[in-house]
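no letters, just coordinates:
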């Protein structure tokens, strides 16, 4: 497969964390305001995210919120490809991540101009691993227990940190042993994907363990999730921005590499102030 734009390192040597903006091409994402009404609106919002400081735009065409149903491959492709093409036409060499667990979608996205794969299923499909190796693109490997429809039905671990770290590091090591550069890999503990509140907290607090022997980059996707609501008492995602910014401040303090967020401008402003004062 022909490679897209030049691969970019996911390791942040300075000014951590970087911002990955969420662009949902789905009608049922858990945070209602993040849903896009049209391709034109999605492209416009993606361009605004880039102007506001998002270094990567993460485009997804299948909701993976707890209890969600899968969509067809064709429908997922039809949702995301026009947005990727539109951003590539209107932005100067944008960094676009395709948020999918389906290799056919990822392949079409790369052909359309995406330059990163964000696999919420953690490279369970060997075909997705092979696509990463063949294309040479950066990849985010996320941990998910089970599947979106059932993952929050009484998730149980013997040791959540040990089990999540083992699974993600194993997948990363397979890529590295096959020749994929370590700096093109980041790991996401999968906050809210088959975890209780205590599981989520332990994973965030134990982030250095997740980096492993290869000192891999880390990505956190906590924006407006139920974890924030459980801590702050806010039932609706629309009320969880302040709590989400608390996680961003902690991520800055702990040198996390990337934050996947809905509210790019708010995070850019927060991190700009913290970097100046720090």
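Thanks, I have it. Source: prediction; values computed, not measured.

now do the strands in this structure.
In chain order, the chain shows strands spanning 18-24, 56-60, 96-99, 116-119, 139-142, 185-188, 217-220, 258-261, with DSSP state E as the criterion.

output those strands in TSV; the columns should cover mean pLDDT.
Rendered in TSV, the data for those read as follows (pLDDT from 0 to 100):
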stretch	mean pLDDT
strand 18-24	96
strand 56-60	96
strand 96-99	98
strand 116-119	98
strand 139-142	98
strand 185-188	98
strand 217-220	98
strand 258-261	98
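
what comes up buried for stretch 6-14?
Of the residues in stretch 6-14, those with enough neighbours to count as buried (16 or more other Cβ atoms under 10 Å) are 7, 10, 12. All C-beta atoms are positioned from the backbone trio N, CA, C, and that covers glycine.

what's near enough to touch the first one?
Contacts for residue 7 were tallied using Cβ atoms under 8 Å, 6 or more residues apart in numbering; they are 115, 136, 137, 138, 181, 184.

with the second one instead?
When the contact criterion is Cβ under 8 Å, 6+ apart, the partners of residue 10 are 138, 140, 183, 184, 185, 186, 217, 219, 257, 258.

same thing but at 7 Å, please
The contact partners of residue 10, taken as Cβ atoms under 7 Å, 6 or more residues apart in numbering, are 138, 183, 184, 185, 186, 217, 257.

surely the fifth one touches residue 140?
Yes: between residue 186 and residue 140 there is a contact at 4.9 Å, judged by Cβ atoms under 7 Å.

for these two, list the residues in contact with both.
If you check residue 186 and residue 140 against Cβ under 7 Å, 6+ apart, the residues they both contact are residue 219.

and the helices in the stretch 1-150 of the chain, which stretches?
Along the stretch 1-150 of the chain, the segments classed as helices by DSSP state H, counting those that start in this stretch run 39-51, 73-90, 103-112, 126-135.
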